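Peer 1: Quick one, what's the 3D model for this:
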Amino acid sequence: MSATNISTIHGRGNTGLTKLESNRLIEIQRDILELIVTSSDYQHAMDALCYAAEMSVADALSSIMIFNESGTALTVRAGPNLSAEAKQQLSGLVPGQNSGSCGTAVFANTPQFVSDTSSDERWREYRDLARDLNIHACWSMPIVNKKSEVVGTFALSSFEKRKPDKFQQNLMQTSAYLVSLVLQRELDDQTLQKAAHYDHLTKLSNRFLFNINLEHAMARANRSKSSLALFYIDLDEFKQINDEFGHNIGDEVLKEAALRMSCQVRREDSLARVGGDEFILLVENQADQTELKVIANKVMQAFVENIIIGNISLKLSASIGISIYPKNSMTPNQLISCADKAMYIAKASKKDKIQFFANCD
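Peer 2: Numbers count the residues shown, from 1 in each chain. This is a model prediction of the structure:
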């Protein structure tokens, strides 16, 4: 998006603004849009917007509040000049009628321009907070995403009692829209990262992310002079399920198998799907074969009960090959290859078998 005037994007002109004020809005838009396009540091973009707003309005501090993960309360996302105490007191604000400027703006989805926090009804329950933070006026603009959902607020808190003039209202509107662009770009990046690093079917790590995790784990093992193990897990006779019941049922089986195995492994271990019916489990700080066999047997427990898909009941089993670093190999690819070879030995022997790799070729 080019650094055009966002008021024009919205179909409004900056009527009532001086040329200097209009140019200031355009300058802020240009600078923030440039940060959005050229950098993935979205926190920096929001902090920069807060600084720009404060430079444009004397004796005021700016802040950006967005919903927490549960969507129940607001938390301070940006406010570079707010004290740690102020951020702590503001975070956790629950939107509602007369819940300060920001809480009310989110609740009503309308701008809230409070010129005197000591007398305005919207601040009745927050007088102590206003006094503690030296907030005498507070203007808040809802931040709305592309789905027309309110996701937070952009606010200016003033150290003096006053109403916002035309420029300041336009500044608030422009800033809130810029924040919505930053948040959307951040969300898009997270979506792309997830698509690149996670298996779309099972939501487990994919081979690409697993390789990264393995390299980091091997580096940690080198530093701490410890060991790690790889479990190469293959579902037995999965092709028959696809052939007999179709790929849709096969996909459901894979999802259920991944969920069950995830519930059996430790939180600190890393489970990934690396092929059609192939999974790898990374177990750090462990080389004792007795302990590793205990972990492998827990993985096997995922398949004790039949998998039920609709009215279809399926008995599933798995074969597991285990390799150990640095005992079996010194490189990630060789370590995976060792576990893979051990898995095929297990599969050739009989189902539900666990095989350690003895000698890496």
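Peer 1: in which helix or strand would I find the nearest residue to I336 once chain neighbours are set aside?
Peer 2: In space, I336 comes closest to L230 once its chain neighbours are excluded; the distance is 6.4 Å by CB to CB, 6 or more residues apart in numbering. Every C-beta, even on glycine, is put in place using the N, C-alpha and C of the backbone. Per DSSP states H and E, L230 falls inside strand 228-235.
Peer 1: Just the helices from the stretch 201-350 of the chain, written as ranges.
Peer 2: Remark: helices assigned in the stretch 201-350 of the chain by DSSP state H, counting those that start in this stretch are 207-224, 238-245, 247-264, 289-300, 332-349.
Peer 1: tell me the secondary structure for the spatially most central residue of the chain?
Peer 2: For the chain, the residue nearest the mean C-alpha position is Q190 (6.3 Å; CA atoms, centre = their mean). Secondary structure, DSSP: H, G, I helix; E, B strand; the rest coil: Q190 is helix.
Peer 1: And for Q173, the neighbour number?
Peer 2: 19 (other CB atoms under 10 Å).
Peer 1: Over to the one 5 residues further on?
Peer 2: The number of residues packed around L178, counting by other CB under 10 Å, is 26.
Peer 1: what residues are up against it?
Peer 2: 6, 28-29, 32-33, 49 (CB atoms under 8 Å, 6 or more residues apart in numbering).
Peer 1: now do 7 Å
Peer 2: Counting by CB atoms under 7 Å, 6 or more residues apart in numbering, L178 makes contact with 29, 32, 49.
Peer 1: okay, the angle between the strand or helix carrying it and helix 207-224?
Peer 2: In this assignment (DSSP H and E), L178 forms part of helix 166-197. Helix 166-197 runs at 80 degrees relative to helix 207-224, counting by axes from the mean of the first three to the mean of the last three CA atoms, to 10 degrees.
Peer 1: ok, the closest residue to T72 other than its chain neighbours - how many residues close by?
Peer 2: Nearest residue to T72 in three dimensions, chain neighbours excluded: V94, at 6.8 Å (CB to CB, 6+ apart). Using other CB under 10 Å, the number of residues around V94 comes to 11.
Peer 1: so V94 touches G71, yeah?
Peer 2: No: contact criterion CB atoms under 7 Å: V94 and G71 do not qualify, at 11.0 Å.
Peer 1: how is the chain carved up into domains?
Peer 2: 6-191, 207-356 (automatic domain parsing).
Peer 1: Looking at those domains, which is nearest to H200?
Peer 2: With CB to CB as the criterion, H200 lies closest to domain 207-356 of the domains of the chain, at 9.8 Å.
Peer 1: In the stretch 1-150 of the chain, where is pLDDT below threshold?
Peer 2: Scanning the stretch 1-150 of the chain with the threshold set as pLDDT under 70 gives 1-15.
Peer 1: which residues of it fall in helices?
Peer 2: Using DSSP H, counting those that start in this stretch, the helices assigned to the stretch 1-150 of the chain run over residues 6-9, 19-38, 42-56, 84-90, 100-108, 127-133.
Peer 1: can you redo the ones you listed as a markdown table with mean neighbour count and distance to V304?
Peer 2: Formatted as a markdown table, these follow (neighbours: other CB atoms under 10 Å; distance: least, CB to CB, whole Å):
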| stretch | mean neighbour count | distance to V304 |
| --- | --- | --- |
| helix 6-9 | 17 | 59 |
| helix 19-38 | 16 | 51 |
| helix 42-56 | 19 | 46 |
| helix 84-90 | 15 | 48 |
| helix 100-108 | 25 | 49 |
| helix 127-133 | 15 | 56 |
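Peer 1: For A195, grab the count of nearby residues.
Peer 2: 10.
Peer 1: and it, what pLDDT?
Peer 2: Note for A195: predicted pLDDT of 84.
Peer 1: One more: the one 5 residues further on?
Peer 2: We have a pLDDT of 90 for H200.
Peer 1: Three-state assignment for it, please.
Peer 2: Three-state call for H200 (three-state DSSP): coil.
Peer 1: So what's the residue count around it?
Peer 2: Count around H200 with other CB under 10 Å applied: 9.
Peer 1: hang on, the earlier thing: so which of the helices of the stretch 201-350 of the chain is the most surrounded?
Peer 2: helix 332-349 (a mean of 19; mean count of other CB atoms under 10 Å).
Peer 1: That one vs helix 289-300, what angle?
Peer 2: 70 degrees.
Peer 1: Need the contact partners of helix 332-349.
Peer 2: If you take CB under 7 Å, 6+ apart as the criterion, helix 332-349 is touched by 211, 214-215, 218, 230-232, 234, 236, 319-323, 325, 328-329, 353-357, 360.
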